[in-house]
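[1] Here is a sequence with its predicted model. Questions after.
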Amino acid sequence: MKLPRLTVLLACTALAGCAGAAPVTTATIQADLTVLSNALNDLEPLVKAAPGSAAVYAQIVAALGTVEQAEASAAPTTTTVSTITGLLTAVGPAIIGLFPGGGTAVTIAEAVVSLLPELESLAGIASATPNRRVFMTVEAAHAVLDKLPAARM
């Protein structure tokens, strides 16, 4: 039986796309962790300067430590990714609440929270918070977060 050309092209494209899936996923997780680390580093001084922010600041410091540890590992475990998404799911709305007028911190926090479903999906884990509010598309989140300066060491 002869298959239509489009069917053959689609099948070949799908197979070619799967050939490098595992390394791309690991690289993408690492890239997302770097972006999240940069975002948390940028949020840290903004939140610290906000009135009544001690608890939220402590959450950012804890989340940053976990993200940096995962970022340094060759392949973060699903447990680590789940921990990170849990921490950031909690801290994102808390940051937004500190800045009722909006601004840079809110935009970064919204982008961070919006990136979490992609990170969970790449790690192959089901979201612990499937009803998490997503503020923008993953592409828009990357557009915001990729512009941030690299973490300052």
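    That came in fine, so what should we check first? Numbers count the residues shown, from 1 in each chain.
[2] low pLDDT regions in this structure?
    Low-confidence segments of the chain, defined by pLDDT under 70, span residues 1-24, 128-129, 150-153.
[3] Scan it for its longest helix.
    Among all segments of the chain classified by DSSP state H, the helix with the greatest residue count is helix 21-49.
[4] What is the subsequent helix or strand relative to that helix?
    Per DSSP states H and E, the first helix or strand lying C-terminal to helix 21-49 is helix 54-72.
[5] What are the buried residues along that following helix?
    Taking 16 or more other CB atoms under 10 Å as the basis for neighbour counts, the residues of helix 54-72 that come out buried are Val56, Tyr57, Gln59, Ile60, Ala63, Leu64, Thr66, Val67, Glu68, Ala70, Glu71. The way it works is simple: take the backbone N, C-alpha and C, and place the C-beta from them, glycine included.
[6] List of residues touching stretch 114-128?
    Residues from elsewhere that reach stretch 114-128 (CB atoms under 8 Å, 6 or more residues apart in numbering): 25, 28-29, 32-33, 35-36, 76, 78, 81-82, 84-86, 88-89, 132, 134-138, 140-142, 145.
[7] Output it as CSV, restricted to C-alpha atoms.
    The C-alpha coordinates for stretch 114-128 follow below in CSV (Å, rounded to 0.1, in the frame of the first residue of the first chain):
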residue,chain,number,x,y,z
SER,A,114,3.8,30.9,34.3
LEU,A,115,7.0,28.9,33.5
LEU,A,116,6.3,26.2,36.2
PRO,A,117,3.8,24.0,34.1
GLU,A,118,6.5,23.7,31.4
LEU,A,119,9.1,22.7,34.0
GLU,A,120,6.8,20.1,35.5
SER,A,121,5.9,18.8,32.0
LEU,A,122,9.6,18.5,31.0
ALA,A,123,10.4,16.7,34.2
GLY,A,124,7.5,14.3,33.6
ILE,A,125,5.6,15.1,36.7
ALA,A,126,2.0,15.8,37.3
SER,A,127,1.4,19.2,38.8
ALA,A,128,0.6,19.3,42.5
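[8] So which bits of it are buried?
    Within stretch 114-128, the residues that qualify as buried are Ser114, Leu115, Leu116, Pro117, Glu118, Leu119, Glu120, Leu122, Ala123, Ser127, counting by 16+ other CB under 10 Å.
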